[in-house]
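In: My questions concern the predicted model and sequence given below.
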Amino acid sequence: QVEIRPAGPGRPLGGGERAELLAWVRFADGRTLDAGAVVTLTDVLPPGLYARWRSPRPVPTAELTVHFADAPDDAAPEGWALVRMRTAQAGGGWVVDDSEVWSADGRLLALARQARVVRGEGPRPGGHPAAGSVNS
């Protein structure tokens, strides 16, 4: 449904230092980046913590809020969008991720924030990014 090309050093389950993923994304059917498409792109990448983790675990979304930065349906751009997913806070079995969606011509299309619940085995992410447990 989508084509994803990494644009930063972070890779899902790569065990990296930063809880951030950056990628160019486009829809396989060539659709324009209208409001619906942009909302989809705010959650197209895995949680930012996946860039730090080496094994997957479920991290379902409990809440997602999207703020449009540009009128999404007025001359909606086509093609690639740059999507950034970054974990802003993690602890107590909860994760807060921030995402951005940019058009290929450099327009910020949307910002989103989502609260997620960490499920499954393994250590829970903990602490504030300033404490060093989740680097941003």
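Out: Done, it's in.
In: Let me know whether A69 touches S103 as I believe.
Out: No: between A69 and S103 no contact is recorded; they are 10.3 Å apart, counting by Cβ atoms under 8 Å. Every residue, glycine included, has its C-beta placed from N, CA and C.
In: which residues do those two both contact?
Out: Between them, A69 and S103 share the neighbouring residues L109, with contact defined by Cβ atoms under 8 Å, 6 or more residues apart in numbering.
In: more crowded one of these two?
Out: Between A69 and S103, S103 has the larger neighbour count (other Cβ atoms under 10 Å), namely 18 against 14.
In: per-residue pLDDT, that one?
Out: Predicted confidence (pLDDT) at S103: the value is 93.
In: Show me the beta-bridge partners of it.
Out: Residues found in beta-bridge contact with S103 (criterion: DSSP bridges) are A81.
In: May I have the residues that are in contact with it?
Out: If you count contacts by Cβ under 8 Å, 6+ apart, S103 has them with 33, 70, 77, 81-82, 109.
In: and G91, how many neighbours does it have?
Out: In terms of burial, G91 registers 16 neighbours under the definition other Cβ under 10 Å.
In: doesn't V39 fall inside a helix?
Out: Yes: in this structure, V39 lies within a helix as judged by DSSP: H, G, I helix; E, B strand; the rest coil.
In: so where does the residue nearest to it when sequence neighbours are not counted fall, helix or strand?
Out: Leaving aside its sequence neighbours, V39 sits nearest to V66 (Cβ to Cβ, 6 or more residues apart in numbering; 5.3 Å). In this structure, V66 sits in strand 61-68 according to DSSP states H and E.
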